[in-house]
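Engineer: predicted structure and sequence below. I'll ask about it afterward.
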Amino acid sequence: MAHDHHHDHDHDGDGHEHDDAYDDEREQEDAESDLRRRVALSQVRQYGDPVLRMRANEVEAFDDELARLAERMIALMHDADGVGLAATQVGILRRLFVFHHDGADRVLVNPVITASAGPEEVDEEGCLSLGPVRVPVERPVEVTIEGRDAGGEPVTLELEGLPARVVQHELDHLDGTLIIDRTDPASRREALSRLRPRLILSR
Ligand SMILES: [Zn+2]
């Protein structure tokens, strides 16, 4: 799932109080993180790629390869400025995703939502596989999700609000479901009209 982009500084000020060296440094940092983000996004499958529509398979072996995959996905998620990333988004049809929660990176393997509660709430979601598209999606506010960590240990998380939304979004990916499938028809139409020109350009 994609992060909101709010830059906390602007370059429209009158310039009198600006420290030019500081500004240059900030601009360089911005350029570097922008480049890192674009490189990371180039490794994330984009809308139109059939793998995004496939159902991922249960993980059976909790081996070093799985641990390395999880580490790679965590690094990619951070570089791409995301809050969650599913294995299908990197072209791997295995049931695992990573997400950032409470200041920590988490891996959930073979995740299952075992309970949901609270009202359904509508909020805007973006996706690392859907470029600039953001659409309203209705989801339960609270979920209990169970699975295993990368080492095979059982994990149960009771989540509320944004993290609950993130895990539902990522779990959808493992079933080939995207946010454009869960939004209202008008938002879906608008999203598709934004996605189509990207497809043509990428061919
Ligand atoms: Zn997504």
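Structural biologist: Sure, I can see it. Residues are numbered from 1 along each chain as shown.
Engineer: C-alpha from now on. contacts and neighbour counts both.
Structural biologist: OK.
Engineer: residue ranges of the strands in this protein, please?
Structural biologist: With DSSP state E, the ranges of strands along the chain come out as 84-86, 96-101, 104-126, 134-148, 154-160.
Engineer: so of those strands, which one's packed in deepest?
Structural biologist: strand 84-86 (a mean of 32; mean count of other C-alpha atoms under 10 Å).
Engineer: do that strand and the ion meet?
Structural biologist: No: Strand 84-86 is not in contact with the ion by C-alpha under 5 Å from the ion; minimum separation 6.7 Å.
Engineer: TSV for the strands of the chain, including mean pLDDT?
Structural biologist: Output for these, formatted as TSV (pLDDT from 0 to 100):
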stretch	mean pLDDT
strand 84-86	98
strand 96-101	96
strand 104-126	96
strand 134-148	98
strand 154-160	97
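Engineer: possible to save these as CSV with distance to residue 73?
Structural biologist: Shown next, in CSV, are these (distance: least, C-alpha to C-alpha, whole Å):
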stretch, distance to residue 73
strand 84-86, 7
strand 96-101, 7
strand 104-126, 9
strand 134-148, 16
strand 154-160, 19
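Engineer: quick check on the residue of the chain at minimum distance from the ion: phi, psi?
Structural biologist: Proximity of the chain to the ion (C-alpha to the ion) peaks at residue 127, 3.8 Å away. Per-residue torsions, residue 127: phi -150, psi 140 (degrees, to the nearest 10).
Engineer: surely residue 88 meets residue 51?
Structural biologist: Yes: using C-alpha atoms under 8 Å, residue 88 makes contact with residue 51 at a distance of 6.6 Å.
Engineer: more neighbours: the two, which one.
Structural biologist: Set residue 88 next to residue 51 and count neighbours by other C-alpha atoms under 10 Å: residue 88 wins out with 25 against 19.
Engineer: mind listing what the more buried one touches?
Structural biologist: Residues in contact with residue 88 (C-alpha atoms under 8 Å, 6 or more residues apart in numbering) are 51-52, 54, 56, 94, 173-174.
Engineer: so which bits of this structure are right by the ion?
Structural biologist: For the chain, the residues in contact with the ion (C-alpha under 5 Å from the ion) are 1, 127.
Engineer: output the longest helix belonging to the chain.
Structural biologist: Assignment by DSSP state H gives helix 20-41 as the longest helix of the chain.
Engineer: low-confidence stretches in this structure?
Structural biologist: Where the chain drops to pLDDT under 70, the residues are 4-18, 197-203.
Engineer: measure residue 76 to residue 84 for me?
Structural biologist: Using C-alpha to C-alpha, to the nearest Å, residue 76 is found at 10 Å from residue 84.
Engineer: wait, isn't the residue of the chain closest to the ion in contact with residue 44?
Structural biologist: No: look at residue 127 against residue 44 with C-alpha under 8 Å: they stay out of range, at 10.4 Å.
Engineer: same for the longest helix of the chain, what does it pack against?
Structural biologist: helix 64-79 (3 or more C-alpha pairs under 8 Å, 6 or more residues apart in numbering; DSSP states H and E).
Engineer: list the contacts for residue 152?
Structural biologist: residue 62 are the contacts of residue 152 under C-alpha under 8 Å, 6+ apart.
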